[in-house]
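[1] Please work out how this folds:
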Amino acid sequence: MQRPLFAAAVLCLALVAGAAEAHHSAAMFDREKTVTLTGVVKDFQWTNPHTWLQIEVPGDKGQSVEWSLEGGGPSAMYRRAWRPGSLKPGDKVTVTTHPLKSGAAGGSLMQVTLADGRILS
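    Next up is the predicted model:
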């Protein structure tokens, strides 16, 4: 392979790798904090590129607060024994998450403990 062609190929691969890494940034989550929430599943979305869990959690003043938690991609979750029907609306759960740095009600899903004690992580 000629040097200019090889250099161009390496440059292209570096650019593509950078774009892929940027997509998977977790900069919005505070990885130094872990929050535990107990609530009721509103919705579990088995979608690409990431799954989403919406849970209703009691707020400080008795109101319900909806938390939106980003999970892994369906294929990664499937390898960890998750299924599209693992969580259903109305299920009582305890969730651990790395919260959003902004303080909004959201985070990166780490683990879910179901009412029967089963753990999905």
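[2] now the strands: where do they sit in this protein?
    35-45, 52-58, 64-70, 92-99, 106-114, 119-120 (DSSP state E).
[3] residues in contact with the last one?
    Meaning strand 119-120. Here strand 119-120 makes contact (Cβ atoms under 8 Å, 6 or more residues apart in numbering) with 80-82, 86-87, 111-114. In short, each C-beta sits where N, CA and C put it, glycine included.
[4] Point out where the chain drops to low pLDDT.
    By pLDDT under 70, the weakly predicted segments of the chain are 1-24.
[5] Make sure W46 is actually in contact with K88.
    No. Look at W46 against K88 with Cβ atoms under 8 Å: they stay out of range, at 11.9 Å.
[6] between those two, which one's more packed in?
    W46 (17 against 9; other Cβ atoms under 10 Å).
[7] Dump the C-alpha coordinates for stretch 65-83 into CSV.
    Extracted in CSV, the C-alpha atoms of stretch 65-83 (Å, rounded to 0.1, in the frame of the first residue of the first chain):
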residue,chain,number,x,y,z
VAL,A,65,-42.2,13.1,39.9
GLU,A,66,-41.4,11.3,36.7
TRP,A,67,-37.8,10.1,36.3
SER,A,68,-36.5,9.2,32.8
LEU,A,69,-33.6,6.7,33.0
GLU,A,70,-31.4,5.8,30.1
GLY,A,71,-30.4,2.1,29.9
GLY,A,72,-28.1,0.3,27.5
GLY,A,73,-28.9,-0.8,24.0
PRO,A,74,-31.4,-3.7,23.6
SER,A,75,-28.7,-6.2,22.5
ALA,A,76,-26.5,-5.4,25.6
MET,A,77,-29.5,-5.5,27.9
TYR,A,78,-30.6,-8.8,26.3
ARG,A,79,-27.2,-10.4,27.1
ARG,A,80,-27.8,-9.3,30.8
ALA,A,81,-31.1,-11.2,30.9
TRP,A,82,-33.3,-8.2,30.3
ARG,A,83,-36.3,-8.7,27.9
